[in-house]
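S.K.: Sequence and predicted structure below; questions after.
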Amino acid sequence: MKPTRQPTVTATLLRYLATASKHRVMYPAEHPIVKRAMDDLVQVVDLLLRDRDIVTFQIYSDTFFLENQMLPEESLRNAALLASCLERGVGMFALQRGITAAEVHAFVGVVTATVATVRAAGGAEAMLRASGVRRITVGPPRDAPPADMPVEVEPVSAYDAGHTVAQDLQAQAARRQSLDINKARVFLTAAIEVVLDNRWALLGLMTGKNYDESSSYHAVNVAILALLVGTRLGLERQALMALGMSALLHDIGKVRVPRDLLNRATALSPQDQEALDRHPAHGGDILRDLEGLGRVAAVCALEHHAGNDGSGYPRLPAKTRPHLFSRIVAVADAYDTVTSARRGTQRKLRPDLAMRWIAVGLGSSYDPVVGKVFLRMMGAYPVGSLVQLEDKHLALVVRPSESRVERPVVQVIRDGRLADTIDLNANTAIAIAVGLDPDEANVDVEALMAQQQLPA
């Protein structure tokens with residue numbers, strides 16, 4: 001699952017195909033804007049086929065795939081192109097080496113023709129053949145990849161797709177528009193694949209970014225953490241999808257809280273704190289009319305601050321315990337909140353101190369079973385923790401231990417760069433002496449995590 005050149009070229013091809021299709025609809029075929037867009041598209045197609053005989057794009061549900069590689073970010077950014085293909089019965093298109101500019105033009109013509117025109121021609125395949133196209137083949141849509149197809153997802157693409165989706169959903173909620181839950185499914189499907197393949201791959205992407213608890217990054221991080229807990233609890237894919245949706249939308253009610261309260265750098269008055277504390281009720285109200293996965297998301301939005309013992313807010317009916325998903329999201333939300341950038345009156349916690357803080361709340365604020373699963377999953381020093389080893393070297397935690405929470409895998413920092421990798425569970429001759437604050441140690445954790453490339 002390491003980055004390669006292909007996804008970049010693929011993203012470029014889909015983007016130029018989408019641009020050419022849009023211009024073809026807006027302007028006459030001979031217009032200079034259309035000609036320029038088509039020329040760019042032909043060049044990208046040639047580049048993509050330079051070192052391979054054929055390239056095949058498949059649409060499964062609402063997501064583009066390149067062979068067996070899921071492309072969530074590209075699918076969201078080129079949603080109009082994806083919809084145009086599906087409306088015309090194009091769920092697969094394969095481009096072969098030797099393809100001509102005329103054939104590329106003909107394919108764009110099919111994608112931009114009216115649905116009635118495509119149907120009258122006998123379908124997209126017949127329309128291409130009538131135009132003399134021989135090096136492009138198309139096929140019908142399919143709901144899901146074949147059961148025996150190993151799906152691959154680039155973690156960065158999944159994470160960036162989540163950020164895009166969270167921003168879109170927050171904007172839609174702020175404008176009181178219907179939420180596009182299908183876009184959320186695209187991200188969550190990709191995130192679940194990554195988590196099931198390598199559950200630590202997304203943790204490094206979450207680490208060290210400068211965001212606060214009202215940002216889209218927070219929504220994505222809570223969703224990822226919740227999915228990680230869900231896999232540890234043995235949830236099946238459909239349940240993971242529902243959990244991920246609930247986590248992604250847990251704070252959607254904050255769009256109805258005055259922005260100055262969310263960003264205020266001074267202490268809130270009791271009245272302002274009360275207004276902020278109404279965001280769970282706002283979230284439940286925003287989501288209550290959603291069907292399917294949205295229903296449990298509404299419950300989670302309402303309950304995620306209620307507390308395992310009911311001591312939080314809003315108050316639930318007597319003897320009512322929060323939903324399991326609400327209890328999972330409560331822990332994930334708390335961890336990401338206290339370790340992210342805070343308002344001026346509060347300082348973010350080091351990851352290891354955040355784990356201790358959550359441990360103190362087990363049984364009261366947090367479900368003890370869910371909390372213990374989370375603590376063991378993340379370790380005493382979570383991924384991204386800056387630590388000092390007993391030999392005085394600084395190191396970065398890059399992966400938790402599978403068996404001993406206090407002995408993770410670290411990489412030693414030498415001259416501002418990551419160097420030796422040490423599995424402290426295997427190498428018992430050395431241990432962590434203390435956790436450190438990156439700001440006080442003048443260490444850029446986000447920059448270091450960008451260097452970190454442990455094998456998947």
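M.R.: Happy to help now that I have it. Numbering: from 1, shown residues only.
S.K.: Show me what the host helix or strand of residue 356 is packed against.
M.R.: Here residue 356 sits within helix 351-360, counting by DSSP states H and E. Where contact means 3 or more Cβ pairs under 8 Å, 6 or more residues apart in numbering; DSSP states H and E, helix 351-360 is packed against helix 324-339, helix 368-378, strand 432-436. Heads up, the C-betas are built off the backbone N, CA and C, glycines and all.
S.K.: at 10 Å instead, please
M.R.: Counting contacts by 3 or more Cβ pairs under 10 Å, 6 or more residues apart in numbering; DSSP states H and E, helix 351-360 is packed against helix 324-339, helix 368-378, strand 386-389, strand 432-436.
S.K.: how near is residue 432 to residue 389?
M.R.: Remark: distance between residue 432 and residue 389 (Cβ to Cβ, to the nearest Å) = 6 Å.
S.K.: for residue 180, same thing?
M.R.: Per Cβ to Cβ, residue 180 is found 47 Å from residue 389.
S.K.: on that earlier part again, so what sits against both of residue 432 and residue 389?
M.R.: Contact criterion Cβ atoms under 10 Å, 6 or more residues apart in numbering; residues shared by residue 432 and residue 389: 395, 410, 424.
S.K.: neighbours around the first one, how many?
M.R.: Counted by other Cβ atoms under 10 Å, the residues lying close to residue 395 total 29.
S.K.: Likewise for residue 441?
M.R.: Residues lying near residue 441 (other Cβ under 10 Å) number 12.
S.K.: so the spatially closest residue to it that is not a sequence neighbour bridges to which residues?
M.R.: The spatial neighbour of residue 441 that comes closest, neighbours along the chain excluded (Cβ to Cβ, 6 or more residues apart in numbering), is residue 386 at 6.2 Å. Beta-bridge partners of residue 386, counted by DSSP bridges, are residue 396, residue 436.
S.K.: Touching, residue 386 and residue 397? I think so.
M.R.: Yes. Using Cβ atoms under 10 Å, residue 386 is in contact with residue 397, at 8.0 Å.
S.K.: Can you show me the strands along the stretch 151-300 of the chain?
M.R.: Using DSSP state E, counting those that start in this stretch, the strands found in the stretch 151-300 of the chain span residues 152-153.
S.K.: Spell out, range by range, the strands that occur in the stretch 1-150 of the chain.
M.R.: Assigned by DSSP E, counting those that start in this stretch, the strands in the stretch 1-150 of the chain fall at 54-60, 63-66, 69-71, 92-96, 136-139.
S.K.: For residue 146, find the nearest of those strands.
M.R.: Among the strands of the stretch 1-150 of the chain, the nearest to residue 146 by Cβ to Cβ is strand 54-60 (9.6 Å).
S.K.: Who are the packing partners of the closest one?
M.R.: Applying 3+ Cβ pairs under 10 Å, 6+ apart, one finds that strand 54-60 contacts helix 5-26, strand 63-66, helix 72-77, helix 79-87, strand 92-96, strand 136-139.
S.K.: From the chain's centroid, how far away is it?
M.R.: Relative to the chain's own centre, strand 54-60 is displaced by 22 Å; criterion: Cα atoms, centre = their mean, to the nearest Å.
S.K.: Can you give me the buried ones in it?
M.R.: By 16 or more other Cβ atoms under 10 Å, the buried positions in strand 54-60 come out as 55, 57, 58, 59, 60.
S.K.: Kindly report the same for stretch 315-333.
M.R.: The neighbour-count check on stretch 315-333 (16+ other Cβ under 10 Å) flags 316, 322-333 as buried.
S.K.: same thing with stretch 272-280?
M.R.: Neighbour counts over stretch 272-280 (16+ other Cβ under 10 Å) mark 272, 276, 278, 279, 280 as buried.
S.K.: Confirm for me that the third one is in contact with residue 314.
M.R.: Yes. Residue 278 is in contact with residue 314 according to Cβ under 10 Å; the separation is 8.2 Å.
S.K.: quick one: common contacting residues for those two?
M.R.: Shared contacts of residue 278 and residue 314 (Cβ under 10 Å, 6+ apart): none.
S.K.: residues contacting residue 323?
M.R.: Counting by Cβ under 10 Å, 6+ apart, residue 323 has contacts 246, 296, 299, 300, 302, 303, 304, 306, 329.
S.K.: again, 6 Å this time
M.R.: Counting by Cβ atoms under 6 Å, 6 or more residues apart in numbering, residue 323 touches residue 299.
S.K.: can you pull the pLDDT of it?
M.R.: Residue 323 is assigned 96 on the pLDDT scale.
S.K.: How much space separates the closest residue to residue 235 other than its chain neighbours from residue 192?
M.R.: Once flanking residues are discounted, residue 235 sits nearest to residue 243: 6.5 Å by Cβ to Cβ, 6+ apart. As judged by Cβ to Cβ, residue 243 and residue 192 stand 10 Å apart.
S.K.: same thing with residue 186?
M.R.: For residue 186, the distance to residue 192 - Cβ to Cβ - is 11 Å.
S.K.: Who has more neighbours out of these two?
M.R.: Comparing residue 186 with residue 192 by neighbour count (other Cβ under 10 Å), the higher total belongs to residue 186, at 27 against 21.
S.K.: Confirm for me that the more buried one is in contact with residue 73.
M.R.: No. At 9.1 Å, residue 186 does not count as touching residue 73 under the criterion of Cβ atoms under 6 Å.
S.K.: Would you agree residue 244 is in contact with residue 228?
M.R.: No. Between residue 244 and residue 228 there is no contact under Cβ under 6 Å: 10.4 Å.
S.K.: More neighbours: these two, which one.
M.R.: Set residue 244 next to residue 228 and count neighbours by other Cβ under 10 Å: residue 244 wins out with 29 against 22.
S.K.: Looking only at neighbour counts, state which of residue 432 and residue 389 leads.
M.R.: Comparing residue 432 with residue 389 by other Cβ under 10 Å, the one with more neighbours is residue 432, at 20 against 17.
S.K.: separation between the more buried one and residue 439?
M.R.: Going from residue 432 to residue 439 by Cβ to Cβ gives 19 Å.
S.K.: From the buried residues of stretch 272-280, which land in helices?
M.R.: 272, 276, 279, 280 (DSSP state H).
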